[in-house]
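[1] Predicted model and sequence follow; I will ask about them next.
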Amino acid sequence: MGILVELLNNAYKYAAANETIAVLLCATPSDLRLSVSNSGVEISKDQLSHIFDKFYRIPSHNPWKHKGTGLGLALLRKRVEQLQSTIIVSSDHKWLTFTLQIPWSIEQDSLVFLPNWDAPTTTDQG
């Protein structure tokens with residue numbers, strides 16, 4: 001599953017009825033930022049510091065008793081790191097926000113993702 005789809009699924013899964021899910025895309029000269037937020041949820045700083053840990057689940061934020069292993073956000077962060085990007089989470093004023101930051105640069109009408117990813121190579125020692 002793609003990173004954006006996973007973030008949207010997570011927001012939908014844990015947003016209460018009549019709450020809002022928002023997506024924001026912002027481009028700066030040095031990075032592209034994609035934020036997915038949902039209202040109605042606030043998580044303590046202590047809990048936020050563990051949110052990407054394997055098998056970590058916040059029991060007080062699962063009123064619908066969704067089943068899961070606690071691996072979704074850990075795997076998501078691993079995929080983000082494979083893209084040499086970062087993901088941060090914040091919780092403030094009843095909003096939970098995940099922000100994906102992808103490094104890039106814009107040079108004379110062209111887009112260059114940084115750093116330059118090398119394609120996997122294989123050697124055949126026949």
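    Received the coordinates, thanks.
[2] so what's the nearest residue to Ala27 once chain neighbours are set aside up against?
    Nearest residue to Ala27, sequence neighbours excluded (C-beta to C-beta, 6 or more residues apart in numbering): Arg33, at 7.6 Å. C-beta coordinates here come from the backbone N, C-alpha and C atoms, glycine included. Arg33 makes contact with Leu24, Leu25, Cys26, Ala27, Thr99, Leu100, Gln101, Ile102, according to C-beta atoms under 8 Å, 6 or more residues apart in numbering.
[3] So Arg33: helix, strand or coil?
    Under DSSP: H, G, I helix; E, B strand; the rest coil, the three-state class of Arg33 is strand.
[4] Tell me the spacing between it and Lys94.
    Between Arg33 and Lys94 the distance, using C-beta to C-beta, to the nearest Å, works out to 22 Å.
[5] before we move on, back to that, and of the contacts of Arg33, the nearest to Ile88?
    When the contacts of Arg33 are ranked by distance to Ile88 (C-beta to C-beta), Thr99 comes first, at 5.2 Å.
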